[in-house]
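> here's a sequence, model it:
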Amino acid sequence: MTSTDIFAVIGDARRRRILELLATEERSVGALAIELGIAQPSVTQHLTALRDAGLVTSEKRATSPIYSLCIEPLGAVKDWVDGL
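Residues are numbered from 1 along each chain as shown. Next up, the predicted model:
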């Protein structure tokens, strides 16, 4: 796990929506931009924050990276909630 605060990262509604979308199917930046209705550079910024927190991974396919969810870091959030 990186030093990135996972709670700060998932505090953003668009980032949570990206996680929800990636939980059902891996996607490209372009596909996420269309589904979210925002510009590709904005999606890229959100994905960078998610990647820095270890929540997404990418794999280069053809000319585009394809993003997928990495759920393991969310265990820290679950553990925190369970402790309440």
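> please count neighbours and contacts with C-alpha atoms only from this point.
Fine.
> so which residue is dead centre in this protein?
Leu50 (4.2 Å; Cα atoms, centre = their mean).
> Three-state assignment for that residue, please.
helix (DSSP: H, G, I helix; E, B strand; the rest coil).
> now the closest residue to it other than its chain neighbours. Its backbone dihedrals?
Once flanking residues are discounted, Leu50 sits nearest to Val56: 5.8 Å by Cα to Cα, 6 or more residues apart in numbering. The phi/psi pair for Val56 (degrees, to the nearest 10) reads phi -130, psi 150.
> neighbours around Val56, how many?
21 (other Cα atoms under 10 Å).
> one more: Ala76?
13.
> before we move on, the earlier item: who are the neighbours in contact with the residue nearest to the centre of the chain?
Residues in contact with Leu50 (Cα atoms under 8 Å, 6 or more residues apart in numbering) are Val9, Arg15, Val56.
> now do Arg14
Taking Cα under 8 Å, 6+ apart, one finds Leu36, His46 in contact with Arg14.
> picking up where we left off before, which single one of the contacts of Leu50 is nearest to Val81?
Ranked by distance to Val81 (Cα to Cα), the contacts of Leu50 are led by Val9 at 16.2 Å.
> pretty sure that closest one sits against Thr48.
No. The pair Val9 and Thr48 does not pass the contact test of Cα atoms under 8 Å, sitting 10.2 Å apart.
> surely the residue nearest to Leu50 meets Pro65?
No. Taking contacts as Cα under 8 Å, Val56 lies outside contact range of Pro65: 11.6 Å.
> thinking again about what came up before, and the residue nearest to Leu50, how far from Asp82?
As judged by Cα to Cα, to the nearest Å, Val56 and Asp82 stand 23 Å apart.
> quick one, strands of this structure?
Per DSSP state E, the chain carries strands over the ranges 27-28, 56-61, 64-69.
> now those strands in CSV, with distance to Thr44?
Below are the strands of the chain laid out as CSV (distance: least, Cα to Cα, whole Å):
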stretch, distance to Thr44
strand 27-28, 10
strand 56-61, 12
strand 64-69, 11
